[in-house]
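Enquirer: Task: produce atomic coordinates for the following.
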Amino acid sequence: MKRRLMNRLNRFHRAEDGNATIEFVIMFPIFIALTLAGVEMGIVTMRHVTLERAVDLTVRDIRLGTGTAPQHDEIKDIICDRAAMVPQCKSNLKLEMIRVDPQNFTPPPTVPDCTDQSEEVRPPRQFTNGMDNEIMIMRACAKFQPFFPLSGVGRKLTKDNAGYAAITVTSAFVQEPR
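Expert: Below you'll find the predicted structure:
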């Protein structure tokens, strides 16, 4: 009886059935986590790049526009038309345009003014159109919900109370003379 039990245990010990299953169970979650992280980072990067390009093109139009001084809502519409990857851009984008005095420089607030879906809508913190030869800083903040909010990257993004993460873009320019 003891010998038969030892033979079975030795056969079980030498058997290699199920090795692939064990490797799959160990490696599959790692590959899925890496894939989700890559997709999430790609989406966040595409949103940031399209917003940055839209702000740069709009700032160029404002800077070179002679005799025109577009206002907040018009600038926001132009940026949103150009930023195709920013979801619900018109409701999730907030702009700041800050006049800078080069002789007495005070940096803008380090935390950008963004929308918060869990709070009441607030007007822009500061938005002033520049005069000729003035240095201006335009900052845009767009909120979005992560594509995979429970994956590694989506979970680590800083979010507001409604679960929205933010991307910000800053551009400085000199208002050309009219």
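Enquirer: residues making contact with stretch 72-84?
Expert: Stretch 72-84 is contacted from outside by 50-51, 53-55, 57-58, 61-62, 70, 86, 89-90, 93, 95, 97, 124, 127, 140, 142, using Cβ atoms under 8 Å, 6 or more residues apart in numbering. Backbone N, C-alpha and C define where each C-beta goes, glycine included.
Enquirer: let's see 6 Å
Expert: When contacts are defined by Cβ atoms under 6 Å, 6 or more residues apart in numbering, stretch 72-84 is touched by residues T50, L51, A54, V55, L57, T58, C89, K90, L93, L95, F127.
Enquirer: Give me the longest helix you can find in this protein.
Expert: The residue-count maximum for a helix in the chain (DSSP state H) belongs to helix 19-64.
Enquirer: For the helix or strand following that one, the averaged confidence score.
Expert: Counting by DSSP states H and E, the next helix or strand C-terminal to helix 19-64 is helix 72-82. For helix 72-82, the mean pLDDT works out to 90.
Enquirer: Report all helices and strands that the longest helix of the chain contacts.
Expert: Counting contacts by 3 or more Cβ pairs under 6 Å, 6 or more residues apart in numbering; DSSP states H and E, helix 19-64 is packed against helix 72-82, strand 135-144, helix 152-156, strand 165-174.
Enquirer: re the thing from before, let me have the contacts of stretch 72-84 in JSON lines, extended by pLDDT and distance to G42.
Expert: Shown next, in JSON lines, are these (pLDDT from 0 to 100; distance: Cβ to Cβ, whole Å):
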{"residue": "T50", "pLDDT": "96", "distance to G42": "13"}
{"residue": "L51", "pLDDT": "95", "distance to G42": "15"}
{"residue": "A54", "pLDDT": "95", "distance to G42": "19"}
{"residue": "V55", "pLDDT": "94", "distance to G42": "20"}
{"residue": "L57", "pLDDT": "92", "distance to G42": "22"}
{"residue": "T58", "pLDDT": "90", "distance to G42": "25"}
{"residue": "C89", "pLDDT": "89", "distance to G42": "19"}
{"residue": "K90", "pLDDT": "88", "distance to G42": "24"}
{"residue": "L93", "pLDDT": "90", "distance to G42": "21"}
{"residue": "L95", "pLDDT": "89", "distance to G42": "26"}
{"residue": "F127", "pLDDT": "61", "distance to G42": "32"}
